[in-house]
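S.K.: just coords:
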């Protein structure tokens, strides 16, 4: 299903570092995606995302415990304390991220194929991984800073673990599908949409219009999926 994925090496094609490109994609995306066109790379951004996510998970552990305690405060006494098993979540972080990126890469591959181009899965999976940096690294870091500034006393439910930084600012009481979907539309996810459009058009020599069409469709699908997860997610007590 297309071009294979290369292992992350110290130096990419045209003299770029695969690891440094995780940062460079934020300010010189065209150059990064030109390198990915020649040498697709998924592992470097994947590992970087996992490291940041796990580190933030550990740093936010006191807030997670407070959120879980508030969520299960109304449960009968004597039951197991779920907060004691929170650390297990760190084990599943890489699995969840890998699945999300694979789904994103697959959607890009399908859409680019439908546009009449010869889609390369390795390139598009790389585009999905590098384009996720703003929403999966920067957004998480900013959210963590806001969370710690507000203080642990402000955490009364699992929803408080995700400070309002997107359209949810205009609907603070929204929950379920609407709340999750609004939260998914924020400056960092829009940044990721733009990077995806640049990545698709650059790696496959497509027009900017086609790149933005593909990226917007994938973005909309992502928002819908996030909203569906919001329906089944924990609710405030």
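M.R.: Done, it's in. Here the structure is a predicted model, which is why all the values come from computation and not from measurement.

S.K.: C-alpha only now, for contacts and for neighbours.
M.R.: OK.

S.K.: quick one: residue 181 from residue 144, how far?
M.R.: 20 Å (Cα to Cα, to the nearest Å).

S.K.: oh sorry, the question was meant for residue 137
M.R.: For residue 137, the distance to residue 144 - Cα to Cα - is 11 Å.

S.K.: where does the closest residue to residue 40 other than its chain neighbours land on pLDDT?
M.R.: Nearest non-adjacent residue to residue 40, counting by Cα to Cα, 6 or more residues apart in numbering: residue 123, 5.1 Å away. As predicted, residue 123 sits at a pLDDT of 96.

S.K.: what helix or strand is residue 123 on?
M.R.: Taking DSSP states H and E as the criterion, residue 123 maps to helix 121-131.

S.K.: beyond that helix, next helix or strand please.
M.R.: helix 133.

S.K.: what is that following helix packed up against?
M.R.: Packed against helix 133, as judged by 3 or more Cα pairs under 8 Å, 6 or more residues apart in numbering; DSSP states H and E, are no other helices or strands.

S.K.: chain center to that helix: distance?
M.R.: Offset of helix 133 from its chain centre (Cα atoms, centre = their mean, to the nearest Å): 7 Å.

S.K.: then stretch 212-228?
M.R.: 12 Å.

S.K.: same check on stretch 44-62?
M.R.: That offset, for stretch 44-62, works out to 12 Å (Cα atoms, centre = their mean).

S.K.: contacts for that stretch?
M.R.: 8, 18-19, 22, 86, 90, 93-94, 97-98, 129-130, 133, 136-137, 140-141, 144, 152 (Cα atoms under 8 Å, 6 or more residues apart in numbering).

S.K.: in what helix or strand does residue 118 lie?
M.R.: Counting by DSSP H and E, residue 118 is part of no helix or strand.

S.K.: excluding chain neighbours, give the residue nearest to the residue nearest to the spatial centre of the chain in space.
M.R.: Geometric centre of the chain, nearest residue: residue 136, 3.7 Å, by Cα atoms, centre = their mean. Sequence neighbours aside, residue 49 is the residue nearest to residue 136 in space, at 6.8 Å (criterion: Cα to Cα, 6+ apart).

S.K.: Three-state assignment for the one you found, please.
M.R.: helix (DSSP: H, G, I helix; E, B strand; the rest coil).

S.K.: quick one: it from residue 89, how far?
M.R.: 15 Å.

S.K.: and the two? Which one has more around it.
M.R.: In this view residue 49 and residue 89 are compared by other Cα atoms under 10 Å, and residue 49 has more residues nearby, 24 against 11.
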